[in-house]
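[1] Build me a structure from this.
(6 chains)
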Protein chains: 6
Amino acid sequence: MSQTSSKPFRRLLLTGAAGNLGKQLRGKLAEWADIVRVSDIVPLTADAPHEEAMQVDLADRAAVHALLEGVDALVHLGGISVEAPFDDIMQANILGMYNVYSAAQKQGVKRIVYASSNHAVGFHPVTEVLDVDAPHRPDSMYGISKCFGEDLSRYYFDRFGLETVCLRIGSSFEQPKNPRMMVTYLSYRDFVELVRCSLFTNRVGHAIVYGVSNNPTLWVDNTKAAFLGFRAQDSSAEFAGLFPLQAPDQRMDDVTQRYQGGPFVLLGPMEPNA
Amino acid sequence: MSQTSSKPFRRLLLTGAAGNLGKQLRGKLAEWADIVRVSDIVPLTADAPHEEAMQVDLADRAAVHALLEGVDALVHLGGISVEAPFDDIMQANILGMYNVYSAAQKQGVKRIVYASSNHAVGFHPVTEVLDVDAPHRPDSMYGISKCFGEDLSRYYFDRFGLETVCLRIGSSFEQPKNPRMMVTYLSYRDFVELVRCSLFTNRVGHAIVYGVSNNPTLWVDNTKAAFLGFRAQDSSAEFAGLFPLQAPDQRMDDVTQRYQGGPFVLLGPMEPNA
Amino acid sequence: MSQTSSKPFRRLLLTGAAGNLGKQLRGKLAEWADIVRVSDIVPLTADAPHEEAMQVDLADRAAVHALLEGVDALVHLGGISVEAPFDDIMQANILGMYNVYSAAQKQGVKRIVYASSNHAVGFHPVTEVLDVDAPHRPDSMYGISKCFGEDLSRYYFDRFGLETVCLRIGSSFEQPKNPRMMVTYLSYRDFVELVRCSLFTNRVGHAIVYGVSNNPTLWVDNTKAAFLGFRAQDSSAEFAGLFPLQAPDQRMDDVTQRYQGGPFVLLGPMEPNA
Amino acid sequence: MSQTSSKPFRRLLLTGAAGNLGKQLRGKLAEWADIVRVSDIVPLTADAPHEEAMQVDLADRAAVHALLEGVDALVHLGGISVEAPFDDIMQANILGMYNVYSAAQKQGVKRIVYASSNHAVGFHPVTEVLDVDAPHRPDSMYGISKCFGEDLSRYYFDRFGLETVCLRIGSSFEQPKNPRMMVTYLSYRDFVELVRCSLFTNRVGHAIVYGVSNNPTLWVDNTKAAFLGFRAQDSSAEFAGLFPLQAPDQRMDDVTQRYQGGPFVLLGPMEPNA
Amino acid sequence: MSQTSSKPFRRLLLTGAAGNLGKQLRGKLAEWADIVRVSDIVPLTADAPHEEAMQVDLADRAAVHALLEGVDALVHLGGISVEAPFDDIMQANILGMYNVYSAAQKQGVKRIVYASSNHAVGFHPVTEVLDVDAPHRPDSMYGISKCFGEDLSRYYFDRFGLETVCLRIGSSFEQPKNPRMMVTYLSYRDFVELVRCSLFTNRVGHAIVYGVSNNPTLWVDNTKAAFLGFRAQDSSAEFAGLFPLQAPDQRMDDVTQRYQGGPFVLLGPMEPNA
Amino acid sequence: MSQTSSKPFRRLLLTGAAGNLGKQLRGKLAEWADIVRVSDIVPLTADAPHEEAMQVDLADRAAVHALLEGVDALVHLGGISVEAPFDDIMQANILGMYNVYSAAQKQGVKRIVYASSNHAVGFHPVTEVLDVDAPHRPDSMYGISKCFGEDLSRYYFDRFGLETVCLRIGSSFEQPKNPRMMVTYLSYRDFVELVRCSLFTNRVGHAIVYGVSNNPTLWVDNTKAAFLGFRAQDSSAEFAGLFPLQAPDQRMDDVTQRYQGGPFVLLGPMEPNA
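    Sure, this is the predicted structure:
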């Protein structure tokens, strides 16, 4: 590690580094920071001289405080990213979120990029276009925990000036897996660009932005977040052939078709022991 | 007609099939449905094996009920599409509209694409940009009948779940005929695409969308209808040479220059026998 | 009739004079005009020297033009005021409305007070408070005809400067007849005051105002119509004893409880011969 | 307990019954229900034949499920109502809230009146007037837990139709204790009336309403919640003599004077062992 | 002057003290401050031991700086309060306003109550109800100078934290002098109360509020300024007898009837030597 | 000068012709008008047969009236375009603006394109995206004078029908000079196109539009001005290499980083003799 680095950050932390999106981002962060600290609840190792790896359960407060030491900024992808029993969600996404923010504030971290989700607003109907001020309409226990994260991070900005960009990420995979994802698709490239904008925009305050590519159909509108400089380059249009034209689904009472959250709206709440 | 069709719709109905826009759409519908039923108040014939032709006066309730039999979805371009005496408008566009919707509801039709018009909002000034929630400001008897159609179809959705996309069509011709149409121009290709989006989007509820191409100057904004997936491909910019730069019209009291409806604002109400 | 009258209007017309609300207003108009012309589709007679009585079917254009002769301003309560088959509604409330406005415009009438209805917006849920800009959500054929009347009168203002106040009247009876009317109640005294404000405010343009008393529970908000000067004096609170406290209705799928239009939402469309 | 009761509810549950506001409400509930079940985390006893008393820690899921058995509707005042360490807040107000709602849903409860707080929006400045759609701006861990409760109850309404009225209660005491409370004061009488409206309004969906009396100065506006029928009868004006006129506080950087949450904005987050 | 005063302010300044409204306020200020400094462009004298009188032309920068010395807060009624040639307006209301604010900032004054005017928004039509965020639509050179004052004071708050309440005063006289003033009337008592609220509310930031009594007809809505605590006690209703009911003015093109500014809309711009 | 010209304007006036932006525009105007009159406070000469040059101090009323003689339309770039002592600003931008508009009105000029500035709204934070209705938040004496110009021109439109397009110009130079200008950059080509749209759109009323290119990051949104037809062709993205990625500025209290006006927010008010 050079003493005379010209990289903009000295140490960036990536939580949830072993997950799908963490893997997309891990290499990119090395361009922006001298040291990239990666963590996850599963074991992981430093793959390069510039990396530091720490296995951490976010519900473990002491471990999280250690994790945040010496960190300039943080991309927080950790926690549970699907529907799960409330008790699990509470440990990972509520207690874990509090631990991360209380540690970050103590360590003087100035910026967190937080993986929120479109499931924070998934009970809005598919016939509305949401701007970044759309009210919370969580569609699941998972979605509720993301609302909690947005509110908690709002507090930390209002009270301590700790800035957060909440990314309401849609469906970020190699390609859309079903017709709904033609709308919510976020390419890996656009995801990385969104993180870049969120880290480097000089002032973000407490911002909310939808993580979607420039898809033909959109349920969200990022106009009010234009100060972040995010311009999606990709579009699900290139995958149009995967899903041939179909007549509309006639079951008007199928709520998984009516709400932006799709199948999530029927998942929760799971029983702890179910 | 194949028994083992893979086309998304079995039977689509096109009213007003003999009109200017009907002609643009007629061939295209065959790609989407096994059977295309075409109708108009003037005589017309089936031009292909997949077509069924019916000459129908929309004010004739029994005929309209017959027309709707076996129809999956409907593109309703029929009726009077210019200013006319109120009594004529009432028969074709008010009584006719009621007949179509009451028949569609009885037949279990789930989706109607309805040709509304920018004349439903034509008394808004040209210095405002209207979103799809802009209040009605009809500029003529014709415009009033289009407001009626939007309200009637809203009722059928709220009451029976019959979905409608109201297309507030601007000026859809081969090319703009005057400077105003540089703003309201909708290319034939964009018109067909708009119908495609309106028919195939899985849920549309009761939607309103402006039918304009991506012209340099716009009086309308479809952001809130982004869930329909309509992205105009064409622009009136290619016709810029038709209308050389002119100093602004100095007659500040010329209402045909002040309102989006243009010359329509002075047409009505015509006398029945005028 | 005095030649040297000091009353503000020379001749006021009241349509629907034989109806429930017409009867409340008829006597009051005499204080404001030298001559009160009263009309209805049923026979009625002039009850005083200052009255002129004309039996008129609003669908009869010639008769309506005669009715409007010499009129300064008009309180238009005529037409069908309940749900009915569309053909009847169309004659009385659509064709009739056109006849009244085209005649009024020809006669140079400057102001019409028009009995619209809360059924023009009756498909809004009871958990929303509507301001006067709330979009149309008609709950019945009757409601649709009232939307038509609001749009038609908007046109006549934009095009000819003929001013209208649209009164979205709730439930104007001696007293509320059911719990819903505790919310929509308009006392007779407040109704008369609302007409007074609508007639005498110097400029009204094209205005919409809800006709409700100052009831404890309200679904509507007249703030944006404060320029009319209407301040309700009465409240349904005085009838609280009629409807003892009840636990909420448990049938969450009972649409007559969910929408402001109440039982109207299930009435239409009636068959013409039903 | 009468078998042939005419009271609107059979069994109402009051949590937090031993607290300040619980005491105000306990007696009143007997007028509305045959059986009043009271609970708290501290010991309490049934004081009358119509009462059932249960000592319950809301973090104890099984106990909460037992508590909800046979309940028609619920006034949920339980949990921590001041700032506290996050771990305590999480047990009482987050886990406790989940337990109450998951139990209520299982038991088929149709309505919950939930004591939220103005601290859910306490980081809005005192120079703004908030309507019921104002975004969350929690001022403390306590405030964040109230945001969580609002979001969780929104989910239970969207998903299961379980209705909630969230009362963003200001300062409900015998009298205002400081100048800030002159703005946030809610008299006991108005508090009881607010609960009455919340329980008996036929449909409430998921509603938010501010719990303040009709004080001279207001930071909130309940216009959009007028469908609940709450009309405050009292005002802090009667206590004006307690707080003589003072020149404005000159310390412009005193955040406890700048935000609606007052001193709460500086309380959290407390350390668990502080 | 007592050394051990209990009055909230030590020294209040009143500019424009010799004018109509200045006279209403002068005596009242003595209740709130040990010393009341009064100034005007015309000669005036201290009428009591607690008064200091200074004759000052607001365009004289040095004199204004002297005027502001030792002042805690200021009610700024000075300047021209009617339409006048632009050069005069510019000296008194633009240069004068700058002088007052630059001096106040230098002296550390924390609060100014500024007499703006409804003529800052007088070109809004009488058929709209303006909230305190309504955009500027000045109706005269005078109105433009009031817009300038609002913008200048906004700057001094954003830049220096100098708080201002801009009072958009209507017509404050003994009684309304014409029908328009029935709408814009502000009783002297309500005017004094409005100043009291503006001086003593603990935080006001940069606020705008309409100065009108609780008149039957209103063109403005102070809901968003409820944090100031102003509740009008009086109403022009008590003067209803002065202006008997009249039919609406038929001259639809009379702009003095169409805009809230009334006759002001035709006054300016006057020629300097006219 | 041809008697049989086909250029759209006969005589266009350009004030501030010797300034940076004036130079960009001067040649272009010749394409649109037979005669281009150029003026500035510094000496300048006619460079071509179609040019007329006049050296004019805008504070000199008689000179300005002479300047406007025979003018069809005007691009008003004159005045002070940086922060300066108030007395200088008042002469050039307030008195000068009045002189221009009063002369234009007397001469019957129908359209003015006015160089306003983003400093009229520079005290909005960089984390907000402003539409063209954003309220004034001037960041300097210069910004206040631009607010004055917008209000004055609004008056001249409302009162006399004199149309104005207010261009809130960002940073129009060869290339961005600092990171802030990556957001506010307006290419010379886009500037000229913006003036073209402003001059030739048939009706503009009183319009406000932001003068920025299609930069990656934007603080403003011109959607509501789409009726002007301005589509930026350039972007600051081509200059991205000038400003390498940097970690966000950590000084959260640096107001020059927090507000859109950037360093302007600390400049004023300068002392006249400083």
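
[2] who's in contact with residue A:144?
    A:89, A:138, D:148, D:151, D:152, D:155 (C-beta atoms under 8 Å, 6 or more residues apart in numbering or on different chains). Glycine gets a C-beta too; all of them are placed from N, C-alpha and C.

[3] Now flag whichever of those is closest to chain E.
    Proximity of the contacts of residue A:144 to chain E (C-beta to the nearest C-beta) peaks at residue D:151, which lies at 26.4 Å.

[4] Give me the phi and psi angles of the closest residue to the closest one other than its chain neighbours.
    Ranked by C-beta to C-beta, 6 or more residues apart in numbering or on different chains and with sequence neighbours excluded, the top spatial neighbour of residue D:151 is residue A:147, at 4.3 Å. Note on residue A:147: backbone dihedrals following degrees, to the nearest 10 are phi -60, psi -40.

[5] just the one 4 residues further on next, same as before
    When quoted as degrees, to the nearest 10, the phi and psi of residue A:151 stand at phi -70, psi -40.

[6] Please read off the pLDDT at it from the model.
    You'll see residue A:151 listed with a pLDDT of 98.

[7] Next, count neighbours for it.
    When neighbours are counted by other C-beta atoms under 10 Å in any protein chain shown, residue A:151 registers 24.

[8] residue contacts, it?
    Per C-beta under 8 Å, 6+ apart, neighbours of residue A:151: D:136, D:138, D:144, D:147, D:148, D:151.

[9] isn't the first one right up against residue A:154?
    Yes - here residue D:136 reaches residue A:154: they are 6.6 Å apart, a contact under C-beta atoms under 8 Å.

[10] on that earlier part again, filter the contacts of residue A:144 down to the ones in strands?
    Using DSSP state E, no member of the contacts of residue A:144 sits in strands.

[11] With distance to residue A:242 as added columns, please give these in TSV.
    Below are the contacts of residue A:144 laid out as TSV (distance: C-beta to C-beta, whole Å):
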residue	distance to residue A:242
A:89	32
A:138	29
D:148	38
D:151	35
D:152	36
D:155	32
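
[12] Name the nearest of those relative to residue E:219.
    Set against residue E:219, the nearest of the contacts of residue A:144 by C-beta to C-beta is residue D:151 (39.5 Å).

[13] circling back to that earlier point, farthest-separated two in the contacts of residue A:151?
    Using C-beta to C-beta, the pair of the contacts of residue A:151 lying farthest apart is D:138 and D:151, separated by 11.4 Å.

[14] Now do the residue nearest to residue D:151 against chain C, distance only.
    Per C-beta to the nearest C-beta, to the nearest Å, residue A:147 is found 21 Å from chain C.

[15] By average pLDDT, which secondary structure element in chain A comes out worst?
    In chain A, the helix or strand scored least confidently by mean pLDDT, DSSP states H and E is helix A:255-258, which has a mean of 92.

[16] Alpha carbons of the strand or helix carrying residue A:182, as PDB, please.
    Residue A:182 is part of helix A:179-184 when elements are defined by DSSP states H and E. Output of helix A:179-184 as PDB, limited to C-alpha atoms (Å, rounded to 0.1, in the frame of the first residue of the first chain):
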ATOM      1  CA  PRO A 179     -41.600 -10.100 -17.200                       C
ATOM      2  CA  ARG A 180     -41.700  -8.100 -14.000                       C
ATOM      3  CA  MET A 181     -37.900  -7.800 -14.100                       C
ATOM      4  CA  MET A 182     -38.100  -6.200 -17.500                       C
ATOM      5  CA  VAL A 183     -39.300  -3.200 -15.500                       C
ATOM      6  CA  THR A 184     -37.100  -3.500 -12.400                       C
END
